[in-house]
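> Structure here, sequence nowhere to be found:
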């Protein structure tokens, strides 16, 4: 069903000015568009993106970096406008009964805007992946070969209630020489409209094409559907969000999709792990920001570990609800409250202050549990046994495997990528946090001196 198309028109200039209507808006909210009309409008957006992508592919590093820094400056300059728009989205979310986890992802603050600006500056300081030589050689017949990174072209992203993703994906796409089409969802509609307007103005201010950043939010769900069907106009589509959204895109898209996955993340406390390290890491991995995909959702504890009571007590003191199996319940002091766990808990990505806890008798049992319930995102082992660490690394088949550190480090910014488009849990093209290189493909360049094939 087509969502209403709404925009406000600018009446004044400056930080408190209203966001002008998108250049792609062509009808009023009172006149729903037909599916055919929406598809034509989205195709027009994609065609403009294709033209902008050709210009971005020719932009050198200095030019793209100026664009990134211009965006950062504009975000700081217009943060009042952005925060006011975000406050409307958050208020609407609360009125609609949006979960605390979703509200946390939806909310922008001055500190979070500063974080986005810092990430853009990091991106600007990173090497340009475009033109990087992946491999090369001279053949016996004298042909000189190079395989080099080149931009994807038109990158589309569908996500929900994550306005920070608007800036992250746009920044990564621009640095890697791409144009981007965004569908950020109704929940963050006002925030994303403000952000896209600021991004487009900043690009134009340095001579880069504004159409390198566009949105189909004004066309609602039908716009998202049209984007998924725009094969030949969109080079790659990246969904980012909950399981329902991701699976809907994977199932229905006609354009190539890089699947990002939900994070049913595990931590295994080996019998040799120290209590202090286990407490610190579990608190960080569960409570620092429980609404994100790299938060731990299941804790596995070796039956001979002595760390369980201290870890459980610290988690309960931090407000975490523990969903435990019978063996864990029996091992915990009566003063530590818990709830019985079932298979539903082992399969659940809570994205909240909830944690499933199971006891296992060996590394083999921990690996078996993870293989059964993992979504392939991130798994960690806490251990002082090098052999167990190496076995865990070798036998766990997830996008990220961590030894003696918080799962919260599975993040593009934390891993030095500047930002991330998402965390891919598939195995083709990209896996794990997707940064600049993951938004490029390759081109073979063959140079000769008149050679012909015999």
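Okay, I see it. All figures in this text were calculated on a predicted structure; none of them were measured in a lab.
> end to end, how far does stretch 316-323 reach?
Separation of the first and last residues of stretch 316-323 by C-alpha to C-alpha, to the nearest Å is 11 Å.
> now swap in stretch 431-443 and tell me
Taking C-alpha to C-alpha, the span from the opening residue of stretch 431-443 to its closing residue is 20 Å.
> next one: that stretch to chain centre, how far?
13 Å (C-alpha atoms, centre = their mean, to the nearest Å).
> Touching that stretch from outside, list them.
Around stretch 431-443, the neighbours that count as contacts under C-beta atoms under 8 Å, 6 or more residues apart in numbering are 123, 126, 128-130, 132, 134, 147-152, 155, 172-173, 175-178, 238, 258, 260, 399-400, 410-412, 415, 417-425, 429-430. Where you see a C-beta, it was placed from the backbone N, CA and C, and this is true even at glycine.
> do the same with stretch 389-400
Stretch 389-400 is contacted by residues 261, 268, 363, 366-367, 370-371, 374, 376-379, 381, 383, 401, 403-404, 407, 410, 423-425, 431-433 when judged by C-beta under 8 Å, 6+ apart.
> Where helices are concerned, which of these count?
Secondary structure defined by DSSP state H assigns 363, 366-367, 370-371 of the contacts of stretch 389-400 to helices.
> Mark which of the contacts of stretch 389-400 are buried, thanks.
With neighbours counted by 16 or more other C-beta atoms under 10 Å, the contacts of stretch 389-400 contain buried members at 261, 268, 363, 366-367, 370, 374, 376-379, 381, 383, 401, 404, 407, 410, 423-425, 431-433.
> how about the helices in the stretch 101-250 of the chain?
110-125, 163-175, 189-205, 220-229, 243-252 (DSSP state H, counting those that start in this stretch).
> and the ones you listed as JSON lines, adding mean pLDDT?
Below are these laid out as JSON lines (pLDDT from 0 to 100):
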{"stretch": "helix 110-125", "mean pLDDT": "94"}
{"stretch": "helix 163-175", "mean pLDDT": "94"}
{"stretch": "helix 189-205", "mean pLDDT": "97"}
{"stretch": "helix 220-229", "mean pLDDT": "95"}
{"stretch": "helix 243-252", "mean pLDDT": "87"}
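> Just name the most buried of those.
Of the helices of the stretch 101-250 of the chain, the one with the most neighbours on average (mean count of other C-beta atoms under 10 Å) is helix 163-175, at a mean of 27.
> and the gap between the closest residue to residue 83 other than its chain neighbours and residue 287?
Leaving aside its sequence neighbours, residue 83 sits nearest to residue 108 (C-beta to C-beta, 6 or more residues apart in numbering; 6.2 Å). Noted for residue 108: a distance of 21 Å to residue 287, by C-beta to C-beta, to the nearest Å.
> So between these two, which is more surrounded?
residue 108 (24 against 17; other C-beta atoms under 10 Å).
> How much space separates the more buried one from residue 86?
Residue 108 is 4 Å from residue 86, by C-beta to C-beta.
> and for those two, which residues touch both?
163, 191.
> Now tabulate the helices of the stretch 101-250 of the chain in a markdown table and tack on distance to residue 94.
Output for the helices of the stretch 101-250 of the chain, formatted as a markdown table (distance: least, C-beta to C-beta, whole Å):
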| stretch | distance to residue 94 |
| --- | --- |
| helix 110-125 | 18 |
| helix 163-175 | 16 |
| helix 189-205 | 14 |
| helix 220-229 | 22 |
| helix 243-252 | 21 |
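> Determine which of the ones you listed approaches residue 295 most closely.
Residue 295 sits nearest to helix 243-252 of all those, at 15.1 Å, using C-beta to C-beta.
> What are the contacting residues of that closest one?
Contacts for helix 243-252 (C-beta under 8 Å, 6+ apart): 158-160, 225, 228, 237, 239-240, 257, 259-262, 349.
> Of those residues, grab the buried ones for PyMOL.
Only the buried members of those enter the following PyMOL selection, criterion being 16+ other C-beta under 10 Å:
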select buried, resi 158+159+160+225+228+237+239+240+257+259+260+261+262+349
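> taking the contacts of helix 243-252 one by one, which sit in strands?
Among these, the members falling in strands (DSSP state E) are 158-159, 237, 239-240.
> For my notes, confirm residue 357 occurs in a strand.
Yes - per DSSP: H, G, I helix; E, B strand; the rest coil, residue 357 lies within a strand segment.
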